[in-house]
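Visitor: Sequence plus predicted model, see below.
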Amino acid sequence: MMLTISHGVPTDIRSVIVAEAGERPNNTTTMEKNTRPLTQEQRKEFVQLLKDAKSRILENLSDSRWKRLDKARKIARQSLFERIGAAELVKKVEDAKKIAKDSEQALVKLGIVFTSSGAIDLTGANADQYSTEIEEKAFDIIEAQKEESRKLYERAILNVLSTESVEDAKALVEPLV
């Protein structure tokens, strides 16, 4: 059976009608807040609690001013970098420095370091272990350069001897002198 009740009917009458029609009545009751008026003494206590909390917070903020100031400066700097268009470049430099630092640490594990002048060198046992190999390779490089230069000038001498004109000989000699 379908029953339609107008919203204009008071709720207490509506619940009786619904109950008689076989529907379950709404037995929920509304709890009223028991509000007490705030006395002048209670107001003073609440105000004092707030004053104490304010003093405590402000004191803590003053004590940690240096820490907070550094953070505030960092935020202000970042804002400035964004305003002048340097934020992306700063990020790239920071990333590059991180990569360089990580790479240097990996090189140290391999026995390779950057000297104070920025040169790359071997450390301790690695320097001893590889110094002979490095010296031999360096000597071979110098000898190869020397041999290449010797061949260049010998070819030039042969070409000058085989040339017939002064202009051709001059063209062969000028770049090498």
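Guide: Received the coordinates, thanks.

Visitor: what about Val47, distance to Arg56?
Guide: Look at Val47 and Arg56: by Cβ to Cβ, to the nearest Å, they are 15 Å apart. No exception for glycine: its C-beta is placed from N, CA and C like everyone else's.

Visitor: Would you check how far apart Asp168 and Leu161 are?
Guide: From Asp168 to Leu161 the distance is 12 Å (Cβ to Cβ).

Visitor: Which one's more surrounded, the two?
Guide: Comparing Asp168 with Leu161 by other Cβ atoms under 10 Å, the one with more neighbours is Asp168, at 13 against 8.

Visitor: That one sits in which helix or strand?
Guide: Secondary structure assigned from DSSP states H and E places Asp168 in helix 166-173.

Visitor: Name the residues of that helix that are buried.
Guide: 169, 172 (16 or more other Cβ atoms under 10 Å).

Visitor: all helices of the chain, in order?
Guide: Listed in chain order, the helices of the chain (DSSP state H) span 11-20, 40-63, 65-84, 87-109, 124-162, 166-173.

Visitor: Export these as CSV, with columns for distance to Thr115 and mean pLDDT.
Guide: As requested, the helices of the chain are exported to CSV (distance: least, Cβ to Cβ, whole Å; pLDDT from 0 to 100):
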stretch, distance to Thr115, mean pLDDT
helix 11-20, 90, 56
helix 40-63, 44, 89
helix 65-84, 32, 90
helix 87-109, 12, 93
helix 124-162, 12, 89
helix 166-173, 43, 88
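
Visitor: between the ones you listed, which one is nearest to Ser117?
Guide: Closest to Ser117 of those, according to Cβ to Cβ: helix 87-109, at 15.1 Å.

Visitor: which secondary structure elements does that closest one contact?
Guide: For helix 87-109, the packing partners by 3 or more Cβ pairs under 8 Å, 6 or more residues apart in numbering; DSSP states H and E come out as helix 65-84, strand 112-114.
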